[in-house]
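In: what's the 3D shape of this:
(one chain, ligands or ions: 2)
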Amino acid sequence: MRIGILGGGAWGTALAQVMAAGGHDVRLWAREADVVAAINDTRANPLFLPGIDLSPAIRASDDLAAAAETDLILVVTPAQHARAVLRDLPRHGQPLLLCSKGIEAGSHKLLSEVAAEEHPASPIGVLSGPTFAGEVARGLPTAVTLAMADEDAAARMAEALALPTFRPYASDDVIGAEIGGAVKNVLAIACGVVEGAGLGQNARAALIARGFAEMTRFGLARGARAETLAGLSGLGDLVLTCSSTSSRNFSLGLGLGQGRKATELMADRRTVAEGAFTAPVLCAAAAAAGVAMPVSEAVAALLAGAEVGAVIGTLLARPLTREHA
Ligand SMILES: NC(=O)c1ccc[n+]([C@@H]2O[C@H](COP(=O)([O-])OP(=O)(O)OC[C@H]3O[C@@H](n4cnc5c(N)ncnc54)[C@H](O)[C@@H]3O)[C@@H](O)[C@H]2O)c1
Ligand SMILES: O=P(O)(O)OC[C@H](O)CO
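Out: Ligands and ions are numbered 1, 2, ... in the order given. Model (predicted):
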């Protein structure tokens, strides 16, 4: 297949490497001229994915039209930029596979809804799961959820994209696959806070379990299926990012837990910690749906500048409740 990849960050570049290893013709769109030049001239992306020798089958361009002349498009921009990039992408009706993790600010729309609005003729899918880009690019074993409304189409897509070390599991739960990836980024910040504030491993395990309860409540309210949230793109990704400083979201939380301010931690970064953008949107969307998300609200409060001790105190002072209320 000819595969267009939108986004030359760590994940877009790692996916380009996977697709090239599968024998596909890969056209990577990156917005930074230095990223395009580095990929084409030196087979590397030192800005976003250092230390990886890239396949010669990857051709980079800053021209969206070049990525559009393909059989399949992977959308890998930060979530808040997905609509603008999709709006500029020429419409050819090929499938769009969403690989970004987030919820659109303002509209509270999932990226599958954004993509369907911008490219109504394209079949929409989601590829999501526990996937640190560096490990995927190095060919380490990885499994993901690949969801499309038509599960047979998802299975065919999974077959076309699979490698011995890259295993997509087909699903028809597009919403579930998206919500797991978006919510786990917020919860990973919370787990980083626990680490940074020295609250211990019991607290982190409790937070993963109660965070998963939040993810499930919100997901069910938005039409996700519980088994998808308990799978690779939900619980699988939650466990990965809640337990490793390789996660940008966890690392952001670590700094917050040490008492540093979000503005300072976010100031100079060129890489994206999606949970910081998702947290306020998620809280607003959950409130609109009548879903309680105390852990996510605590993260949103910290990101808005609240003091870490006060936020932890408020969370621990909540009235006791039933585990499955
Ligand atoms: N890095 C990972 O391990 C990983 C794994 C799975 C999913 N993701 C998701 O993939 C998405 C992209 O993350 P990443 O890690 O590849 O990014 P990154 O942090 O490596 O790089 C930042 C990216 O943002 C892009 N960007 C900045 N401003 C932009 C704008 N105005 N318009 C369009 N693009 C803009 C940059 O060009 C660059 O591609 C995120 O939603 C992330 O959650 C990342
Ligand atoms: O580094 P993070 O926290 O953006 O996580 C990257 C991926 O989403 C892990 O699956």
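In: where exactly do the helices run in the stretch 1-150 of the chain?
Out: 10-21, 33-42, 64-68, 82-88, 111-118, 133-137 (DSSP state H, counting those that start in this stretch).
In: which outside residues touch the fifth one?
Out: For helix 111-118, the surrounding residues in contact (CB atoms under 8 Å, 6 or more residues apart in numbering) are 75, 79, 82-83, 86-87, 89, 96, 98, 100, 102-104, 107, 109, 122, 124, 126, 174-175, 178. Heads up, the C-betas are built off the backbone N, CA and C, glycines and all.
In: only the buried subset of those residues, as a PyMOL command please.
Out: Selection of buried members from the contacts of helix 111-118 for PyMOL, criterion 16 or more other CB atoms under 10 Å:
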select buried, resi 75+79+82+83+86+89+96+98+100+102+103+104+109+122+124+126+174+175+178
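In: return the nearest residue of the chain with respect to ligand 1.
Out: The minimum distance from the chain to ligand 1, using CB to the nearest ligand atom, falls at G9 (2.5 Å).
In: quick check, pLDDT for that residue.
Out: On pLDDT, G9 comes in at 98.
In: that one and W29 touch, don't they?
Out: No: here G9 lies out of contact with W29, judged by CB atoms under 8 Å, at a distance of 11.3 Å.
In: dump the helices of the stretch 1-150 of the chain to JSON lines, plus distance to T314.
Out: Output for these, formatted as JSON lines (distance: least, CB to CB, whole Å):
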{"stretch": "helix 10-21", "distance to T314": "34"}
{"stretch": "helix 33-42", "distance to T314": "42"}
{"stretch": "helix 64-68", "distance to T314": "45"}
{"stretch": "helix 82-88", "distance to T314": "33"}
{"stretch": "helix 111-118", "distance to T314": "31"}
{"stretch": "helix 133-137", "distance to T314": "35"}
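In: comparing the ones you listed, which comes out most buried?
Out: Scoring the helices of the stretch 1-150 of the chain by mean neighbour count under mean count of other CB atoms under 10 Å gives helix 10-21 as the most buried, with a mean of 25.
In: kindly report the residues of the stretch 51-200 of the chain close to ligand 2.
Out: K101, P130, T131, F132, N185, A188 (CB under 6 Å from any ligand atom).
In: nearest residue to L47 in space, please, no chain neighbours.
Out: Leaving aside its sequence neighbours, L47 sits nearest to V35 (CB to CB, 6 or more residues apart in numbering; 5.7 Å).
In: what do you get for P280?
Out: P280 sits nearest to A300 (CB to CB, 6+ apart), 5.0 Å away.
In: which helix or which strand is home to that neighbour?
Out: Element membership of A300 [criterion: DSSP states H and E] is helix 294-303.
In: that helix close to ligand 2?
Out: No: for helix 294-303, no contact with ligand 2 is found by CB under 6 Å from any ligand atom; the gap never falls below 12.9 Å.
In: report all helices and strands that the following helix or strand past that helix contacts.
Out: Following helix 294-303 in sequence order, the next helix or strand is helix 308-316 (DSSP H and E). Judged by 3 or more CB pairs under 8 Å, 6 or more residues apart in numbering; DSSP states H and E, the packing partners of helix 308-316 are helix 294-303.
In: which secondary structure elements does the helix it packs on sit against?
Out: Using 3+ CB pairs under 8 Å, 6+ apart, the elements in contact with helix 294-303 are helix 174-196, helix 201-221, helix 248-257, helix 274-289, helix 308-316.
In: so which of those helices is the most surrounded?
Out: When those are scored by mean count of other CB under 10 Å, the highest mean neighbour count falls to helix 174-196 (a mean of 29).
In: for it, the distance to its chain's centre please.
Out: The chain centre lies 9 Å from the centre of helix 174-196; the measure is CA atoms, centre = their mean, to the nearest Å.
In: what residues are up against A57?
Out: Counted by CB under 8 Å, 6+ apart, A57 has contacts A20, G23, H24, D25, V26.
In: pretty sure the third one sits against L15.
Out: No: assessed by CB under 8 Å, H24 is found out of contact with L15, at 10.6 Å.
In: returning to what we had before: got the helices and strands packed on helix 294-303 as CSV, with mean pLDDT columns?
Out: Output for the helices and strands packed on helix 294-303, formatted as CSV (pLDDT from 0 to 100):
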stretch, mean pLDDT
helix 174-196, 98
helix 201-221, 97
helix 248-257, 97
helix 274-289, 98
helix 308-316, 97
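In: export those to a markdown table and tack on distance to ligand 1?
Out: A markdown table is the format used below for the helices and strands packed on helix 294-303 (distance: least, CB to the nearest ligand atom, whole Å):
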| stretch | distance to ligand 1 |
| --- | --- |
| helix 174-196 | 6 |
| helix 201-221 | 16 |
| helix 248-257 | 7 |
| helix 274-289 | 4 |
| helix 308-316 | 24 |
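In: to G236, which of these lies closest?
Out: Closest to G236 of the helices and strands packed on helix 294-303, according to CB to CB: helix 174-196, at 8.1 Å.
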